[in-house]
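Enquirer: sequence-free structure coming up:
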């Protein structure tokens, strides 16, 4: 029995949640992946997976095997990657993740700018609104809008991303412009639901110098920021939207900012990455490039995301 092969396929099946997806990633047939797990079960004398027609789940023994072997396999992958990366500082692959709203506005300019200086380095970009486990997904660097990603990660706040209360001129012509927060609460508003939980995100408002989280009775809620922006453009209601997504609309007059005194700047653009004692040189260079872009006047991230002209 090729222990490394069957363990690798077993770990792949657990992570993917199916034999088919794990087989595609490993470049084998689903039958081969299933046979490898059966071989491992026979060798150990225990069942590792509960199999039904709809899903897979780990047995107690399978969960223990996964917990014991997954960290070692990640270390092995990183060791092999380090050796491969040692061929040179200017070749290899960097894997990035970010919400879709940052793909064209931030990641594309950063990738282009970095590759102008390091053309041998490639990028694999994964866009998702869900928070990605970098170690599990083998991602090098992530970007996130909101608050700091938290524990077990190195996180850098790159720039502020203000939230703006705004509406379409056509909407304001029909419904009038609210002059107070109480008046705003009587207007139709849009809302955003977190993709991971489905929970409504309260509006962040500056009230008398204090940050207040206000629940909004939304007439239309979305789990996609681009869709909410389009709803506000269409005049469905008033929205609190990231300034980087509506800056051009505000400049052109397609949208109008209202109640600017309540605008919040608590939201930020963060770059985050795992703690690693031996980070590939190309990843370290990319991180340094992004930090420099967040500080420089010519290539500031505020310009990249469209907060300034």
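Expert: Happy to help now that I have it. Quick caveat, the model's predicted, so the values are computed rather than measured.
Enquirer: quick one, what contacts residue 186?
Expert: For residue 186, the contact set (CB atoms under 8 Å, 6 or more residues apart in numbering) comprises residue 178. In short, each C-beta sits where N, CA and C put it, glycine included.
Enquirer: Look up how far residue 5 lies from the residue in the chain sticking out farthest from the centre.
Expert: Centroid-distance maximum for the chain: residue 45 at 40.6 Å, with CA atoms, centre = their mean. From residue 45 over to residue 5 the distance is 19 Å, taken as CB to CB, to the nearest Å.
Enquirer: cool, residue 129 as well?
Expert: From residue 129 to residue 5 the distance is 35 Å (CB to CB).
Enquirer: Repeat that for residue 122.
Expert: Taking CB to CB, one finds residue 122 at 27 Å from residue 5.
Enquirer: Tell me which helix or strand comes right after whichever strand or helix holds residue 113.
Expert: Taking DSSP states H and E as the definition, one finds residue 113 inside helix 108-117. Sequence order places strand 121-127 as the next helix or strand after helix 108-117, per DSSP H and E.
Enquirer: Which strands and helices lie in contact with the helix or strand following that next one?
Expert: Downstream of strand 121-127, the next assigned helix or strand under DSSP H and E is helix 134-137. When contacts are defined as 3 or more CB pairs under 8 Å, 6 or more residues apart in numbering; DSSP states H and E, helix 134-137 packs onto strand 92-98, strand 268-274.
Enquirer: out of the ones you listed, nearest to residue 60?
Expert: Closest to residue 60 of the helices and strands packed on helix 134-137, according to CB to CB: strand 268-274, at 28.6 Å.
Enquirer: Could you give the number of residues near the closest residue to residue 181 other than its chain neighbours?
Expert: Nearest residue to residue 181 in three dimensions, chain neighbours excluded: residue 262, at 6.5 Å (CB to CB, 6 or more residues apart in numbering). Neighbourhood size, residue 262 [other CB atoms under 10 Å]: 20.
Enquirer: Next up, the contacts around residue 262.
Expert: 165, 181, 205, 206, 207.
Enquirer: Just the buried residues of stretch 235-242, please?
Expert: Applying a neighbour-count criterion of 16 or more other CB atoms under 10 Å, one finds 235, 236, 237, 238, 239, 240, 241, 242 buried in stretch 235-242.
Enquirer: Could I get the full set of helices for the chain?
Expert: 3-16, 19-26, 30-44, 60-85, 100-102, 108-117, 134-137, 169-175, 181-184, 225-233, 243-252, 281-295, 301-304 (DSSP state H).
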